[in-house]
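S.K.: give me a 3D structure for the following:
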Amino acid sequence: MTNVIILKIVTKLVCGRNSLIQKATVVIEPLAPFDLATSSLVFIDGNRCVRSYQNDCFSQVIDVGSRLVWARLTSNGCVNNPKLTLELYAEGLCFSEEEKLQAVSVISRIFSLDMPLESFYSHVQGDFVMARVTQMLCGFKFPTTPTVFEALIDAIVEQQISIKVARGIEERLAVMFGEAVIVGGEKFFAFPSAAALVEAGVEGIRRVGLSLRKAEYIYGVSQRVVGGFLDLEGLKGCGSKEVVDVLDGVRGIGVWTAELTLLRGMQRFDVLPADDFGLRRVISRYYCGGRSINAGEACRIADVWGEWRGLAAFYLIIAEVKNVSV
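M.R.: Just a heads-up that it's a prediction; the model follows:
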């Protein structure tokens, strides 16, 4: 949270339907520029009880160290002078200062609030297409997952299926196996822990709409994590190649899955999953007239983006969604 400023913290008790709910409000100032609406675009159709962006508000259950809480994030500023209001809700004890600071840390991680986008924009000024795209999408920060485990499970789910279908499966995983936070009688669900997925078993995991093979992969990864044979958070201290090598040795995880995990679970924005058909297609749309390109060609085009190649590729994806022309 080096470049994220906490402006104000307020805690109060509010009345729920059946109990008293603790509420904490934290006003934070992320590193500019930042656009919450564009950064949350992928969550617009999300399940409100899991993770969504509705009515100008992002919401998700997060872990604040000692418990799970429901978090709501709204924007009060503008792209070049962003201010965010983070509301935390939970039944039980009053929020501690440590919990509120941890909540800010988690939200900061999800939206990369301390990412120096100006450095990225400056780097790609010589690329006409990317310079135009970044101008049109100023403040977009690619959302990531709070944990490496969540990123890895999501990547396995997303193997060879559409993102829309995958999102539905990921939400069902949370609803069926995630721990619930009750706020005012309504349930909100966290992403399931490795232990919960091991307890569910292969057949239980399949019930969310996964193939037998993918259910086996997810169960196997969860077993390794629970057994202490795979320390995903510990891999953050390793280089990207080493992480790929470790994950590639696990059944059901190839290079594409490992690279996507690096991007979304470790914020390694220099990683480009060039084997991803969707990424190659969108790169081709903006740089090659829409013709079919291979991974090598995609990498050569991305070379100019340097350490930001992964982030730049996702700018193209959002540009396509918003129908940005160059």
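S.K.: could you check how far residue 309 is from residue 301?
M.R.: Residue 309 sits at a distance of 9 Å from residue 301 (criterion: Cβ to Cβ, to the nearest Å). C-beta coordinates here come from the backbone N, C-alpha and C atoms, glycine included.
S.K.: of those two, which one has the most company?
M.R.: For residue 309 versus residue 301, the count of surrounding residues by other Cβ atoms under 10 Å is larger for residue 301: 24 against 20.
S.K.: could you tell me whether that one really is in a helix?
M.R.: Yes - residue state for residue 301 (DSSP: H, G, I helix; E, B strand; the rest coil) corresponds to a helix.
S.K.: so how far is residue 117 from it?
M.R.: 21 Å.
S.K.: residue 126: what secondary structure?
M.R.: coil.
S.K.: skip the chain neighbours and tell me the closest residue to it.
M.R.: residue 304 (7.1 Å; Cβ to Cβ, 6 or more residues apart in numbering).
S.K.: quick one: contacts for the one you found?
M.R.: By Cβ atoms under 8 Å, 6 or more residues apart in numbering, the contact set of residue 304 is 124, 126, 127, 130.
S.K.: how about the contacts made by the third one?
M.R.: Looking back up the chat, that one is residue 127. 304, 305.
S.K.: now it, what are its backbone angles?
M.R.: phi -100, psi 110 (degrees, to the nearest 10).
S.K.: just the strands from the stretch 151-300 of the chain, written as ranges.
M.R.: 180-183, 186-189 (DSSP state E, counting those that start in this stretch).
S.K.: pull the residues that contact the first one.
M.R.: Meaning strand 180-183. Applying Cβ under 8 Å, 6+ apart, the external contacts of strand 180-183 come out as 16, 21, 61, 68-70, 89-91, 187-190.
S.K.: then the last one?
M.R.: With contacts defined as Cβ under 8 Å, 6+ apart, strand 186-189 is touched by 49, 50, 59, 61, 70, 174, 175, 178, 179, 180, 181, 182.
S.K.: quick check: phi and psi at the second one.
M.R.: When read as degrees, to the nearest 10, the backbone of residue 50 gives phi -120, psi -70.
S.K.: and residue 210, how many neighbours?
M.R.: 21.
S.K.: swap that for residue 200, sorry
M.R.: Counted with other Cβ under 10 Å, residues neighbouring residue 200 total 21.
S.K.: next helix or strand past the helix or strand bottoming out on mean pLDDT in the chain?
M.R.: Sorting the helices and strands of the chain by mean pLDDT, DSSP states H and E puts strand 5-15 at the bottom, at a mean of 63. Note on strand 5-15: by DSSP states H and E, the next helix or strand toward the C-terminus is strand 20-29.
S.K.: parallel or antiparallel, which strands does that following strand pair with?
M.R.: With DSSP bridges as the test, strand 20-29 is paired with strand 5-15 (antiparallel), strand 84-91 (antiparallel).
S.K.: that strand: which residues count as buried?
M.R.: Within strand 20-29, the residues that count as buried by 16 or more other Cβ atoms under 10 Å are 21, 22, 23, 24, 25, 26, 27, 28, 29.
S.K.: can you list contacts of whatever helix or strand comes next after that strand?
M.R.: Per DSSP H and E, the first helix or strand lying C-terminal to strand 20-29 is helix 36-39. Helix 36-39 has contacts (Cβ under 8 Å, 6+ apart) with 53, 56, 58, 73-75, 82, 84, 111, 137, 139-143, 318, 322.
S.K.: number of nearby residues for residue 234?
M.R.: 9.
S.K.: what's the spacing between it and residue 246?
M.R.: Distance, residue 234 to residue 246, by Cβ to Cβ: 10 Å.
S.K.: residue 252 now?
M.R.: 14 Å.
S.K.: need the pLDDT of the closest residue to residue 61 other than its chain neighbours.
M.R.: Once flanking residues are discounted, residue 61 sits nearest to residue 190: 4.2 Å by Cβ to Cβ, 6+ apart. What the model reports as pLDDT for residue 190 is 98.
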